[in-house]
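[1] for reference, the sequence and a predicted model appear below.
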Amino acid sequence: MNDTRIARLVKARKSYGAITALDGIDLDVHRGEILALLGPNGAGKSTSIALLLGLHRPDGGTATLFDKDPQDIDARRRIGVMLQAANLPATLKVGELLRLTASYYPEPRPVTECAALAGITDLLSRRYGALSGGQQRRVQFALAMAGRPDILFLDEPTVGMDIDARQSLWVSIRQLVSEGCAVVLTTHYLEEAEALADRVCVIAKGRVVSEGSVDALRAHVSLRRIRCVTSLAIEALQAWPDVVSVDTKQGRTVIATAQAEAVVRRLLDADPGLSELEVQRAGLAEAFQEITRDTEALQEAA
Amino acid sequence: MSTIESTATPAMTAARVIAAYVEEARAECLRYLRNPGFLLPTLLFPSVFYVMFGIFLAHANSADAPRYLLASYGTFGVMAPGLFGFGVSLALERDTGLLTLKRALPMPPGAYLLGKMCMALLVAAIVSVILLCLAIFVAGVQLPAWRIGGFFLLEVLGVLPFAALGLLVGTLVKGQGAPGVINLIYLPMAFLSGLWFPLPVMPAFLQAIAPLWPAYHLNQLALSAVGLGQGGEALHVAVLAGFTVAFVAIATRRLRRHG
């Protein structure tokens, strides 16, 4: 059997003092895929990456990289990393940083090729400390791919970038993936996951609470939201068929339903004075909110 | 499970591993030589002190003063690259995520610390050359070539115990607090080891505890190198080696445990 899993967490646990960061998480990264890890702050995304990079050892369960311990340097010679907070030496030039990082790998990408891929060719002779935040992120991305990695870990790669810079980074990421490189991405920007990811894992409270394609995740919430200003009572609306839930937010009634058309027709019939009507399909943002809220409700109920 | 994944790894040849160590040392040296906040005080303090006390005010002292002060300020001068180059940079880099990134990257083990060590040795060599030039060409100190060579070698290697002490402090203190802590070690130790005032003019109690400080032993060796020693060189070397091994052992244990 051809196993395509190149990085794995199996029932991995990790606590920092009294805080449980990972609570028996299972995670597989397959060759050549882009996996996005989503979840609220403190959910365990960065800890998952730290275990896969060998920065920490799991308290229980296992972390493996290419079937090896991530602390084995041979396994790490096939990875590239871009961490959330890493202040690189400000007095080194970009070309020197690339040359240094490339020296750690057996068959690195030439410096000029890295620079071209990351769009930093004009920055090579500048000192890192003199660059803007967005330029520094691009340099960090260039460093991440310097070793021709088989898997790239990107922790919040586009924080601090403007929209143009973000989209050009997405293009570079897709190009690497087309060469067969897998990418593990954590992000706060849902449109980033929607634009890039083959697969999305939603992590909450140290576990994977949902996993699937972006479309599957969106379908997870097949609901649409109807927002309007209406005089109809919430209790009455809740009794209608197909209505899943009713809320009021800032003076508006918000109805969640899978049958938006039927409900809207009935609403307009029942309340001629209805105004400010809006119908929204759930995006990844809603799907994500819905999933984490469900998990929290479940855990509170338990 | 397929084994293709593990066999497909291109091998890291010995030559490339060595090249990685060299690149790390090169990068570490470059970044500090370009950092005036580190380099200027490190080079200027000992040389300015030497010019003031060893040259301009030397006539008030004995004829041996320029030679004696070459040893004292030489010792003082090589403490800084060790203590600051290791202690402050390690404390900051543990705080700012650079060390975490290096640990995640396939950097060969020890390259990070070896790189810093090369930088400290290089800066110590520069300090020693400056002081030797001032002593020989400005103060007119007469030393045979073998003494000059011996002094240079001693001061360059003499940075190692202080690099080890800096390493230890860098693992204990994190972030911006490190320069303060290092100064609290650096300046009192220089004074208590007799680098600013000769020990014989200091209170008996301070003279008695002087052997507790690594700088005292390096200074005794430096005095021997310029021909003003009082013997016991083997003991001083052993004590310095002992300090170095102990500091490194504690530091690596802490680093392994806490990262």
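    Happy to help now that I have it.
[2] for stretch A:71-91, buried residues please.
    For stretch A:71-91, a neighbour-count test (16 or more other Cβ atoms under 10 Å in any protein chain shown) marks A:72-83, A:86, A:88-89, A:91 as buried. (C-beta placed from N, C-alpha, C; glycine too.)
[3] just the ones of those in helices?
    A:73, A:74, A:75, A:76 (DSSP state H).
[4] mind checking the SS state of the closest residue to the first one other than its chain neighbours?
    With sequence-adjacent residues excluded and distances taken as Cβ to Cβ, 6 or more residues apart in numbering or on different chains, residue A:73 is closest to residue B:106, at 5.2 Å. When classified by DSSP: H, G, I helix; E, B strand; the rest coil, residue B:106 comes out as coil.
[5] residue B:106: what's it in contact with?
    Shown in contact with residue B:106 (Cβ atoms under 8 Å, 6 or more residues apart in numbering or on different chains): A:73, A:76, A:77, A:79, A:104, A:105, A:147.
[6] now residue A:250
    Listed by Cβ under 8 Å, 6+ apart, the contact set of residue A:250 is empty.
[7] ok, it to chain B distance?
    Using Cβ to the nearest Cβ, to the nearest Å, we find residue A:250 at a distance of 40 Å from chain B.
[8] same question for residue A:234.
    For residue A:234, the distance to chain B - Cβ to the nearest Cβ - is 49 Å.
[9] residues near that residue, how many?
    12 (other Cβ atoms under 10 Å in any protein chain shown).
[10] before we move on, back to that, nearest to chain B, out of the ones in helices among the buried residues of stretch A:71-91: which one, please.
    residue A:76 (4.2 Å; Cβ to the nearest Cβ).
[11] spit out the contact partners of the closest one.
    Residue A:76 touches A:53, A:54, A:65, A:70, B:104, B:105, B:106, counting by Cβ under 8 Å, 6+ apart.
[12] so what's residue 179 scoring on pLDDT?
    If you meant another chain, say so; for now it's chain A. For residue A:179, the pLDDT comes out at 90.
[13] let's do chain B instead
    Model confidence at residue B:179 (pLDDT) stands at 90.
[14] ranges for the helices of chain A?
    A:45-52, A:73-76, A:94-102, A:111-118, A:133-144, A:163-178, A:190-196, A:214-220, A:234-238, A:260-270, A:284-301.
[15] in what helix or strand does residue B:22 lie?
    Assigned by DSSP states H and E, residue B:22 belongs to helix B:14-33.
[16] contact residues of the stretch 1-150 of chain B facing chain A?
    By Cβ under 8 Å from any Cβ of the partner chain, the residues of the stretch 1-150 of chain B that approach chain A are B:1-6, B:9-13, B:16, B:19-20, B:22-24, B:26-27, B:30-32, B:34-35, B:96-98, B:100-101, B:103-109.
[17] would you mind finding the most buried of the helices of chain A?
    Per residue and on average, the most neighbours among the helices of chain A fall to helix A:45-52, with a mean of 25 (mean count of other Cβ atoms under 10 Å in any protein chain shown).
[18] can I get that one in CSV, CA atoms only?
    C-alpha atoms of helix A:45-52 as CSV (Å, rounded to 0.1, in the frame of the first residue of the first chain):
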residue,chain,number,x,y,z
LYS,A,45,-2.9,25.1,16.0
SER,A,46,0.6,26.4,16.9
THR,A,47,1.2,23.6,19.4
SER,A,48,0.3,21.0,16.7
ILE,A,49,2.9,22.6,14.4
ALA,A,50,5.4,22.7,17.2
LEU,A,51,5.1,19.0,17.8
LEU,A,52,5.5,18.2,14.0
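[19] just the residues contacting that helix, thanks.
    A:7, A:9, A:12, A:14, A:21-22, A:25, A:27, A:29, A:37-39, A:56-58, A:63, A:65, A:70, A:84, A:153, A:155, A:184, A:186, A:203, A:206.
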